[in-house]
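Peer 1: Mind folding the following:
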Amino acid sequence: MNFETVMQELEALGKERTKKIYVSNGAHEPLFGVATGEMKPIAKKIKKNQPLAEQLYATGNYDAMYFAGVIADPKAMTEADFERWIDAAYFYMLSDYVVAVTLAETDIAQEVADKWIASGEELKMSAGWSCYCWLLGNRPDVEFSESKLANMLEIVQNTIHDSPERTKYAMNNFIYTVGVSYLPLHNKAVVTAMAVGPVEVNRDKPKSKFLLASENIQKTVDKGRIGFKRKYVRC
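Peer 2: Got it, this is the predicted structure:
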């Protein structure tokens, strides 16, 4: 399938209701409003195709950019490619669920994520923390430095309340993911979550929302799912 055919198929799958949901979450035109599950039959035909993924991502069309992440070949991407992708990721569904997920399938994931976390830029930071969540939820514990992750938990504890909105979500999820998917630091993650307490987000809206990692970790403990790992990062 070529670029034009894929764009036509995505447009045909678009629904106004889905489009409105995406827009309410931060997407903007151009977009078609394609449910992610509807993309799977097209993805099966294409499998991995990095040149096509690059064409689709460059359109600026949200659905095409998302689908680019589905068919991307992460191991064919360089750090410069990921920098280009994150620069074009204009809201969290792209930064955290397309770019971060794709990065998590590479050998340079931690190196690039560390730079993004230190960048001071909201969506780069969010993508960096999110990438670690995808990594921890998929890779064996032995692939990570316990001391490094412990230090990252301390950074979260000391800075989360003063961080940008989307970064707060990702940092809160990092505490949860360490507590659930990285057994060596389960106890430290629980202590960190308790110390952090409720994290207020969406302060620019009439009603704030509060994130509570400790509660979510405990729910997972109660279900006996500590140590959970995904088989695949991408669906």
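
Peer 1: Residue 138 contacts residue 131, doesn't it?
Peer 2: No. The criterion here is Cβ atoms under 8 Å, and residue 138 misses it with residue 131 at 11.0 Å. Where you see a C-beta, it was placed from the backbone N, CA and C, and this is true even at glycine.

Peer 1: neighbour-wise, which of those two wins?
Peer 2: Between residue 138 and residue 131, residue 131 has the larger neighbour count (other Cβ atoms under 10 Å), namely 30 against 17.

Peer 1: Which secondary structure elements does the helix or strand that the more buried one is a member of sit against?
Peer 2: Taking DSSP states H and E as the definition, residue 131 sits inside helix 122-136. If you count contacts as 3 or more Cβ pairs under 8 Å, 6 or more residues apart in numbering; DSSP states H and E, helix 122-136 packs onto helix 79-88, helix 100-103, helix 109-117, helix 165-181.

Peer 1: Okay, strands next: where are they in the protein?
Peer 2: 199-201, 209-211 (DSSP state E).

Peer 1: Name the stretch among those strands that sits most buried.
Peer 2: strand 199-201 (a mean of 17; mean count of other Cβ atoms under 10 Å).

Peer 1: now it: how far from the chain's centre is it?
Peer 2: The chain centre lies 19 Å from the centre of strand 199-201; the measure is Cα atoms, centre = their mean, to the nearest Å.

Peer 1: What is that strand packed up against?
Peer 2: Counting by 3+ Cβ pairs under 8 Å, 6+ apart, strand 199-201 packs on helix 165-181, strand 209-211.

Peer 1: Format the ones you listed as JSON lines; extra columns: mean pLDDT and distance to residue 18.
Peer 2: Putting the helices and strands packed on strand 199-201 into JSON lines (pLDDT from 0 to 100; distance: least, Cβ to Cβ, whole Å) gives the following:
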{"stretch": "helix 165-181", "mean pLDDT": "98", "distance to residue 18": "21"}
{"stretch": "strand 209-211", "mean pLDDT": "94", "distance to residue 18": "23"}
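
Peer 1: so which of the ones you listed comes closest to residue 33?
Peer 2: helix 165-181 (21.9 Å; Cβ to Cβ).

Peer 1: got the buried residues for the closest one?
Peer 2: Neighbour counts over helix 165-181 (16 or more other Cβ atoms under 10 Å) mark 166-181 as buried.

Peer 1: gap between the nearest residue to residue 202 once chain neighbours are set aside and residue 172?
Peer 2: Spatial nearest neighbour of residue 202, excluding adjacent residues (Cβ to Cβ, 6 or more residues apart in numbering): residue 209 at 4.8 Å. The gap separating residue 209 from residue 172 is 11 Å, by Cβ to Cβ, to the nearest Å.

Peer 1: Then residue 4?
Peer 2: 41 Å.

Peer 1: Residue 62 now?
Peer 2: On the measure of Cβ to Cβ, residue 62 and residue 172 end up 25 Å apart.

Peer 1: Present the strands of the chain as JSON lines; the columns should include distance to residue 53.
Peer 2: What follows is those, written out as JSON lines (distance: least, Cβ to Cβ, whole Å):
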{"stretch": "strand 199-201", "distance to residue 53": "31"}
{"stretch": "strand 209-211", "distance to residue 53": "32"}
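
Peer 1: quick one, what contacts the residue nearest to the spatial centre of the chain?
Peer 2: Closest to where the C-alpha atoms of the chain average out (Cα atoms, centre = their mean) is residue 96, at 2.6 Å. Neighbouring residues of residue 96 by Cβ atoms under 8 Å, 6 or more residues apart in numbering: 126-127, 130, 166, 170.
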